[in-house]
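A.B. asks: Sequence first, then the predicted structure:
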Amino acid sequence: MESVLVLESVSKESNKPVFMSLNGKTHSEEAMNLQNDLVGIVHRKLAKKYKPTKKLGNAVGAMLADLLRAKAMEPPRRCFRTKDAVTFNRQGDEVPGFPTIGYYPFIDAFNGLLATGYIDTIPGVRPSAKEGVTAPATELWATPKLLELAALYGVFLADYERHFISKPRPSHVRQPITLRAGSERCRRKKIKGALLPLDKADPRVIALSAPVQRLNAFFAAVDIGNAEHGGFCRGFNLGDTTGAGLDKGGRLYSIGGGYQAMDRRKRPFITLNGSRTVEIDILSCPLLSGPSTMTVWIKEGTTHACQEAQA
């Protein structure tokens, strides 16, 4: 019997901006040539005295991967990114929960691409990495000028996966548990609640974080095909509701949207270590802090498959 693995989908497709994780890099020769050209353009526009650095090249490549990934989605999306220094690892080293792109190379790449017309932006506000406060967050997207340049190098949205790859996923994330105020509505627009303070030394927070980090450690070693996934976090979205807090609303999210934000028509092609996946929309499946076993039955024509997973 063929092994069938299961990924849970917790969100429907939308045209909301996707998080610019800066976790991608160029892979094909065409994409690398495109990156090198953009680095030269950015460097000349910024009129830097020193030669282009490898860190600037990595920043341009990571931004390019996210910008074109968002454009390749159905419908095409914008990216968003909080330009807050505390959300970056300034040395560009491997630090769990941070992009390997340093803050200053990112700012140089951002300013250069904006000044040359390869990206466009609008301001916004998103929760800051400093819990309980907000910070400016920019929505940005690839302009037709950038798409035309990419096409000249043979980099097309239709075969995005051939040109870009993601860096290894972290085995631990910086914020496995988040607590937010309840969302509000302004006319027809839903506004996400602000992040609320969370004591990471609280034994209960530590206990809730443990199974999430175990999942991250497991999936860090899994080859996920035809989809993006930067790690899991568990979000509680009723933090200002009496009797809720960390007791209700703890849904598991793929950081930055990942596979959960994909077009429904593309999700059936996701693979785990080469095995096919079947999407199951589970209305209520609490993530337990202790060991548990979940059995899922899947019917494909006349074939039944059973997968038991240790939580």
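C.D. replies: Done, it's in. Numbers count the residues shown, from 1 in each chain.
A.B. asks: Could you check how far the closest residue to Leu215 other than its chain neighbours is from Asn33?
C.D. replies: Excluding the flanking residues, the one nearest Leu215 by C-beta to C-beta, 6 or more residues apart in numbering is Phe232, at 5.2 Å. Quick note: C-beta positions are derived from backbone N, CA and C, even for glycine. Counting by C-beta to C-beta, to the nearest Å, the gap from Phe232 to Asn33 is 35 Å.
A.B. asks: circling back to that earlier point, and the residue nearest to Leu215, what is it in contact with?
C.D. replies: Phe232 is in contact with 173, 176, 212, 215-216, 219, 252-255, counting by C-beta atoms under 8 Å, 6 or more residues apart in numbering.
A.B. asks: Which member of the residues you listed is positioned nearest Ala227?
C.D. replies: For these, the residue nearest Ala227 by C-beta to C-beta is Ser254; the value is 9.0 Å.
A.B. asks: does that closest one really touch Gln260, like I thought?
C.D. replies: Yes. In this structure, Ser254 is within contact of Gln260 by C-beta atoms under 8 Å, at 4.7 Å.
A.B. asks: still on that earlier bit, now, the contacts of Phe232 that are in helices?
C.D. replies: With DSSP state H as the criterion, helices contain 212, 215-216, 219 from among the contacts of Phe232.
A.B. asks: so can I have a markdown table of the residues you listed showing distance to Asn111, pLDDT and neighbour count?
C.D. replies: A markdown table is the format used below for these (distance: C-beta to C-beta, whole Å; pLDDT from 0 to 100; neighbours: other C-beta atoms under 10 Å):
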| residue | distance to Asn111 | pLDDT | neighbour count |
| --- | --- | --- | --- |
| Val212 | 36 | 92 | 22 |
| Leu215 | 37 | 91 | 17 |
| Asn216 | 33 | 89 | 23 |
| Phe219 | 35 | 88 | 19 |
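A.B. asks: Now render those as JSON lines, adding distance to Arg77.
C.D. replies: Compiled in JSON lines, the ones in helices among the contacts of Phe232 are given as follows (distance: C-beta to C-beta, whole Å):
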{"residue": "Val212", "distance to Arg77": "26"}
{"residue": "Leu215", "distance to Arg77": "25"}
{"residue": "Asn216", "distance to Arg77": "24"}
{"residue": "Phe219", "distance to Arg77": "23"}
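A.B. asks: quick check, nearest of these to Thr138?
C.D. replies: Asn216 (27.3 Å).
A.B. asks: how close does the residue nearest to that closest one when sequence neighbours are not counted get to Gly257?
C.D. replies: Residue nearest to Asn216 in three dimensions, not counting chain neighbours: Gly231, with 5.0 Å by C-beta to C-beta, 6+ apart. As judged by C-beta to C-beta, Gly231 and Gly257 stand 12 Å apart.
A.B. asks: Comparing these two, which residue is more hemmed in?
C.D. replies: Gly231 (28 against 22; other C-beta atoms under 10 Å).
A.B. asks: That one touches Ile255, doesn't it?
C.D. replies: Yes. Counting by C-beta under 8 Å, Gly231 touches Ile255, with 4.9 Å between them.
A.B. asks: what residues are shared contacts of these two?
C.D. replies: Val173.
A.B. asks: where does this protein dip in pLDDT?
C.D. replies: 1-15, 89-100, 125-136, 188-190, 243, 281-311 (pLDDT under 70).
A.B. asks: which one is the residue most central in space within it nearest to, not counting chain neighbours?
C.D. replies: Nearest to the geometric centre of the chain sits Gly256, at 2.9 Å (C-alpha atoms, centre = their mean). Spatially, and ignoring its direct neighbours in sequence, Gly256 is nearest to Phe19 (3.4 Å; C-beta to C-beta, 6+ apart).
A.B. asks: and the residue nearest to the centre of the chain, what are its phi and psi?
C.D. replies: Gly256 adopts backbone torsions of phi 80, psi 0, taken as degrees, to the nearest 10.
A.B. asks: do Phe232 as well
C.D. replies: phi -100, psi 150.
A.B. asks: in the sheet, who's paired with it?
C.D. replies: Under DSSP bridges, the beta-bridge partners of Phe232 are Ser254.
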